[in-house]
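**Q** Model the following, please.
(2 chains)
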Amino acid sequence: MIDVVKSLLRRPDAGSILSLVGVVLFFVLFGGANLVTLVGAASWVNFAANLGIVAIPVGLLMIAGELDISIGALIPAGSMTTAILTGYYGLPITVGIAGALAVGIAVGLVNGLLTIRTSVPSLIITLATLVAMQGVVLSASVLLTGSASVALTAPDWAKFLFGQLIGGSHQVIIVWWLAFAAIIGFVLHKTRYGNWLFAMGGDKVSARNAGIPTDRMTIALFVLSAVSATFVGICQAILFNSAQVSGGMNFIFNAIVSVVVGGVLLTGGFGSVLGIFVGTITFAIVSQGIYFTQIDRNWSNLIIGVMLLLAVLMNQSFRDLALYFRPRHKQGPPREPANP
Amino acid sequence: MNDKPTILELRNVNKSFGPIDVLHDISLRVRAGEVLCLLGDNGAGKSTLIKTLAGVHKPTSGQILMDSQPVTFTGPSDAQGRGIATVHQFGGTFPLMSIGRSFFVGVEPTKGWGPFKIYDRKRANEIAVKAVRDFGITRIDDGDRLVGGLSGGERQSLAIARAVYFGARVLILDEPTAALGVKQASHVLRIVNEAKRRGLAVVFITHQVMHAMAVGDHFAVLIRGAIAADFRKGEKSREEITDLMAGGETMSDLEVQVEGYMETHEGHPPSLQVLKGPTAH
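**A** Here you go, the predicted model:
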């Protein structure tokens, strides 16, 4: 039993699972929240799904030793592109979606190429593209439509796929999130590409020397995160039948907090998709679930701050546990006593 | 003893970076089943020399021969493909990866087909653990352990075992014992001997003369980019080698000089300038 617990604690996601349990317990015991109502509520699940689709590629980049904050501008960029093309110019929704995804691919390529061609940290590069894209989205919107907010109507099939409310409350993006997490989880932990990512985050030069196409991987990761952000924007535009140039900035810090609570090492080389997934849920429950408690909503950021610190400290000690773990010999091979 | 086949040879190799000449007329042979110890102080050109051997740098002039055929390495991966492996001071460079995963970085064994090809963790772990254990590191028995949790000597051993497993013929060890304690270092030296026994050509870079003498068959001392001495095992004593590395000046001479200076300067030790004169470094 103790061995089972210990082997669970060595996982990169241990800290996030404990954080989740801790937060839920805190809300139930001290906030007077009803566990059943809390779990059944749609608000935090919707929040988590929108955040989670961005948090997963941000987490992958962090595992590979990079950071992408331009997602904050790409969410409104995605929704505005869809709305302008479809709502304002009356083009088919497929063109709107394709246009938005193309914007994501383009910005992702710029981020990736600049990161591999220069020695500038990707935090700074994506900060630049973040600010630049905000400007582009705002001026393009005002220039083309004369407004900072555009309405659109999506056909039924697009509503069904991207903007449906399942059971009248749960956004269909939850399904996308689950599928995305499952696919990326498989790729990261079960295929060789996942191994390449961990190696890149561990030591980029050695990874390149070992024959890993680090440049192509880096570009692909930036494209993935940019496209994911525009995808969230597309879904929001179709769901709400309109798009605004503002918004999305919260996603930057929310995603990073979710990823770090999820046990991803800020400097790269360690983490898991399950951890990011649970970290996102934890974050969503703190920021949305607080409405189901008697705790004043204004305290939620304090809770998030404390939780972040606790989670990082926990992750640190669990990582050491993993690092210095040695299995006990059952009967096994002969040991040399003199070996250091 | 000299009848062992030469795998890698440098002939009159010069290397300059712009106006700065780093290597002068280096000629060296690396033989199968022999350990060539490359000795030299910091800045003597050791790392430039091994980077030239490993294909990172191209010689400005001179020839590199592999199996008696002139070769030009297009880059480090070309040299690696021809069986020249470099193991750096800290060995395992992915501390948070498991032994099995880091062993197979870039060449992961997979099972399954098409998009469902999955990393074969069990096989990777088995092969990696066996490869290290064959080198006598019996304490490594679980491929899921993280590399960062291994001792420095174990990490070096893992890196060497990895290079050998992937078909290295020439093993370049860049100061493998520099950061290790006495016990750990002796461990690595044992692995070097084992690699030699298996017929690999080993280039062992160090400035610890004791370690060099424990495994070396052939020694080359580099001073300011030139080979100052080239001799075989048993031809020189430890003191002679240390003196050579220090730049020809004998250690005892230095000691006498220091003492004399302190006597006339109220016990203050001399600056380097006073000791050696204005030498260019």
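
**Q** How about the contacts made by residue 28?
**A** Let's take chain A. Taking CB atoms under 8 Å, 6 or more residues apart in numbering or on different chains, we find residue A:28 in contact with A:34-35, A:38. Glycine gets a C-beta too; all of them are placed from N, C-alpha and C.

**Q** that answer is for a different chain, and I need it for chain B
**A** Going by CB under 8 Å, 6+ apart, residue B:28 touches B:9-10, B:36, B:220, B:227, B:230.

**Q** Specify the beta-bridge partners of it.
**A** Beta-bridge partners recorded for residue B:28 (DSSP bridges): residue B:10.

**Q** Give me the distance between it and residue B:20.
**A** 21 Å (CB to CB, to the nearest Å).

**Q** Which helix in the chain has the most residues?
**A** All of this refers to chain A. helix A:214-240 (DSSP state H).

**Q** look at chain B instead
**A** When chain B is parsed with DSSP H, its longest helix is helix B:182-197.

**Q** What is that one packed up against?
**A** Counting contacts by 3 or more CB pairs under 8 Å, 6 or more residues apart in numbering or on different chains; DSSP states H and E, helix B:182-197 is packed against strand B:35-40, helix B:152-165, strand B:201-206, helix B:209-215.

**Q** Can you check which of the ones you listed gets nearest to chain A?
**A** helix B:152-165 (6.1 Å; CB to the nearest CB).

**Q** so does the longest helix of chain A get close to chain B?
**A** No: shown here: helix A:214-240 not in contact with chain B (CB under 8 Å from any CB of the partner chain), separated by at least 10.3 Å.

**Q** Return the residues of chain B in contact with chain A.
**A** Residues of chain B lying near chain A (CB under 8 Å from any CB): B:76-77, B:80, B:93-97, B:101-102, B:104-108, B:110, B:117-119, B:133, B:137-139, B:141-142, B:145-146, B:148-149, B:151, B:153, B:181, B:183-184, B:187.

**Q** Pass me the low-pLDDT residue ranges in the stretch 1-150 of chain A, would you?
**A** Where the stretch 1-150 of chain A drops to pLDDT under 70, the residues are A:1.

**Q** Strands along that one, start to end?
**A** In the stretch 1-150 of chain A, the strands defined using DSSP state E, counting those that start in this stretch lie at A:149-151.

**Q** Please enumerate the helices of it.
**A** Taking DSSP state H, counting those that start in this stretch to define them, one finds helices in the stretch 1-150 of chain A at A:2-9, A:14-29, A:35-40, A:43-63, A:71-82, A:93-117, A:122-145.

**Q** Point out the most buried one among these.
**A** Mean neighbour count (mean count of other CB atoms under 10 Å in any protein chain shown) peaks for helix A:71-82 among these, with a mean of 30.

**Q** most centrally placed residue in chain B?
**A** Geometric centre of chain B, nearest residue: residue B:173, 2.4 Å, by CA atoms, centre = their mean.

**Q** so for whatever helix or strand it lives in, what's the average pLDDT?
**A** Per DSSP states H and E: residue B:173 is located in strand B:170-174. The average pLDDT within strand B:170-174 is 90.

**Q** what's the answer for stretch B:76-88, then?
**A** In the prediction, stretch B:76-88 has an average pLDDT of 85.

**Q** Looks like residue A:215 contacts residue A:64 (just checking).
**A** No: assessed by CB atoms under 8 Å, residue A:215 is found out of contact with residue A:64, at 11.7 Å.

**Q** From residue B:213, how far off is residue B:207?
**A** According to CB to CB, residue B:207 and residue B:213 sit 13 Å apart.

**Q** now swap in residue A:166 and tell me
**A** 75 Å.

**Q** Give me the more crowded residue out of those two.
**A** Neighbours per residue (other CB atoms under 10 Å in any protein chain shown) separate residue A:166 from residue B:213, with residue B:213 holding more: 16 against 11.

**Q** So for the more buried one, what's the nearest residue that isn't a sequence neighbour?
**A** residue B:238 (6.2 Å; CB to CB, 6 or more residues apart in numbering or on different chains).

**Q** okay but that neighbour is in contact with residue B:209, surely?
**A** Yes: using CB under 8 Å, residue B:238 is in contact with residue B:209, at 5.5 Å.

**Q** In this structure residue A:310 contacts residue A:26, no?
**A** No: counting by CB under 8 Å, residue A:310 does not reach residue A:26; the two are 11.2 Å apart.

**Q** Mutual contacts of these two, please.
**A** In terms of CB under 8 Å, 6+ apart, residue A:310 and residue A:26 are not both contacted by any residue.

**Q** need the contact list for residue 68.
**A** No chain specified, so I'll use chain A. Contacts of residue A:68 (CB under 8 Å, 6+ apart): A:57-58, A:61, A:111, A:122, A:126, A:222, A:225-226.

**Q** actually it's chain B I care about, not the one you picked
**A** The neighbourhood of residue B:68, defined by CB under 8 Å, 6+ apart, consists of B:6, B:9.

**Q** let's go with 10 Å and repeat that
**A** Neighbour list for residue B:68: B:5-7, B:9 [criterion: CB atoms under 10 Å, 6 or more residues apart in numbering or on different chains].

**Q** CSV for those, including distance to residue A:262?
**A** Formatted as CSV, the contacts of residue B:68 follow (distance: CB to CB, whole Å):
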residue, distance to residue A:262
B:5, 55
B:6, 54
B:7, 49
B:9, 53
